[in-house]
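# show me how the following folds:
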Amino acid sequence: MKHTLTKSQHPNYMKLFLSAFFMFGVIFSALNCGSAQNKPSNLDTLDLQGHRGARGLRPENTWPAFQAAIEFKMTTLELDTVLTKDGKVIIHHDSETNPVICQNIDGTEIQKINLYELTLDELKQLDCGSKKNPNFPEQVTFPGTKLITIDEFFKLVADVEKKNGPKAPKYLYNIETKFPNDESSDISEERMKLHVRSLIESIQKAKTTERVTIQSFYLPALSEVESINPKIKRSALFAPTYFQGLMIILGLGNSYRSDIIEKAETIHANIISPYFLYVNSDFVQNSHSKNISVIPWTVNKELEMKRLVSCGVDGIISDYPDRLRKFVDQESLSQAEENK
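The predicted model follows:
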C-alpha cells in the first residue's frame, strides 16, 4: 500500500539543525566541566542504569531488554509504567500504542491508541519484539515478545536473583510514571493518584520498597508518592526545551539549573534526573549541598560519560549498558594502574 507523508512526517529541518547543534554542545561541554571543588564520581558506587532496560540493544521496556541490563551488570533497572483502562500498571513508555516498535501478533500494523482506552488483555495481544527501532541499529529483535506488568516484572527479576544466590547483590529499580503530556496541568488527578497508588501497592507486595526510586516529569506525582510511602525514593525528571538547550550550550543556562534544583528541593525529591546538558560541576555541587543526588539521562557517548564522572554525578542512565559497563571498567582499571 502506498503511503503519503503527512505534514508532520516531512523532515523538520530546524529540528535536525538543532539536534546537530546539541551534538556540538556535547563536544563543547566535554571541555567545560572539571572543577577543583568537585570530587569525581566514585566508580565503585556509581549507579549504572540501563535506559528502558537496554533500548540500544533490545526492544525497549521488554524482558529481553532487562535481561541485557542484567547481563552487563547494571546496578539499576530503569523502566516506564502506564496505567491501563482496567487499572493495571504495565511497562510501556508512551501513553499511546507505538506502531514504530509494536505490531499485532499476526504481524499487521497497529494504530496509535491511548493506553487509558485499552485493557491489559488487549495490550497483551501486541508483539513488541519483532520490530527494530530504526533509531537504534544495534538493537536485536525478539519476535513475539509481549508487554509485561510491573507485577510480572518483579517476579521475573526475583527469579533471576534466586538463581544468583543469596550473596549476590539485589537489583535496584528506577520506575517512571508516564502520563499524557507529562509536564502539563491537564493530567487527571484521579488517574494520577490511581497510577501512583497501584504502583506502590505492587512495590510493597514485591517487598522492594527500599530498592525502588519512582521518577516523574510530573512533579505532583512525586508528592503523591511521598504522602503514601515516604520511604520510597523520588527522582524529579527535567528536560530542556530546544531554546533552553541552546542557552545552556552557549553558557547562559545557570538560571535554568537553579530553577530545577529549587523545584526538586520544594517537593523533597531525593534525586534530580536531568537531561545531561544541564549538568556541570556547579550544578552537581549545588544539588549535593541540598542533599540531592544527580543522575542524568540519556548518556550514550563515552566522551560524555567521562565528562559527567569528572563532574561527580551519582549515576548515569544509558541506552547502551554495554558501553556504560565498558567505560566504567576501563576507567576503574586506569585508576588502579595510576594508584600502583
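# look at Gly107 and report its pLDDT.
On pLDDT, Gly107 comes in at 96.
# that one and Ser130 touch, don't they?
Yes: under the criterion of CB atoms under 8 Å, Gly107 makes contact with Ser130 at 7.4 Å. Using the backbone N, CA and C atoms, a C-beta is placed for each residue, glycine as well.
# quick one, which of these two is more surrounded?
Each of Gly107 and Ser130 has its neighbours counted (other CB atoms under 10 Å); Ser130 has more, 16 against 10.
# could you pull up the contacting residues of that one?
Residues in contact with Ser130 (CB atoms under 8 Å, 6 or more residues apart in numbering) are 103, 107, 141-145.
# which stretches of the stretch 51-200 of the chain have low pLDDT?
Low-confidence segments of the stretch 51-200 of the chain (pLDDT under 70): 182-186.
# the stretch 51-200 of the chain: strands as residue ranges?
76-83, 89-91, 103-104, 126-127, 172-177 (DSSP state E, counting those that start in this stretch).
# Throw the ones you listed into a markdown table and include mean neighbour count, thanks.
Output for the strands of the stretch 51-200 of the chain, formatted as a markdown table (neighbours: other CB atoms under 10 Å):
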| stretch | mean neighbour count |
| --- | --- |
| strand 76-83 | 24 |
| strand 89-91 | 25 |
| strand 103-104 | 15 |
| strand 126-127 | 20 |
| strand 172-177 | 24 |
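# redo those as a markdown table? Include distance to Ser273.
Below are the strands of the stretch 51-200 of the chain laid out as a markdown table (distance: least, CB to CB, whole Å):
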| stretch | distance to Ser273 |
| --- | --- |
| strand 76-83 | 9 |
| strand 89-91 | 18 |
| strand 103-104 | 31 |
| strand 126-127 | 28 |
| strand 172-177 | 8 |
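# out of these, which gets nearest to Lys301?
strand 76-83 (18.1 Å; CB to CB).
# how far off strand 172-177 does that closest one point, in degrees?
30 degrees (axes from the mean of the first three to the mean of the last three CA atoms, to 10 degrees).
# strand 76-83 packs against which elements?
strand 47-50, helix 63-71, strand 89-91, helix 150-164, strand 172-177, helix 189-205 (3 or more CB pairs under 8 Å, 6 or more residues apart in numbering; DSSP states H and E).
# list the contacts of that strand.
47-53, 61, 66, 69-70, 89-95, 115-116, 150, 153, 157, 171-178, 191, 194-195, 198-199, 213, 315, 317.
# if you set the cut-off to 6 Å instead, what comes out?
With CB atoms under 6 Å, 6 or more residues apart in numbering as the contact definition, strand 76-83 has outside contacts at 47, 49, 51, 61, 66, 69, 89-93, 115, 150, 171-176, 178, 195, 317.
# kind regards, and thank you for your time.
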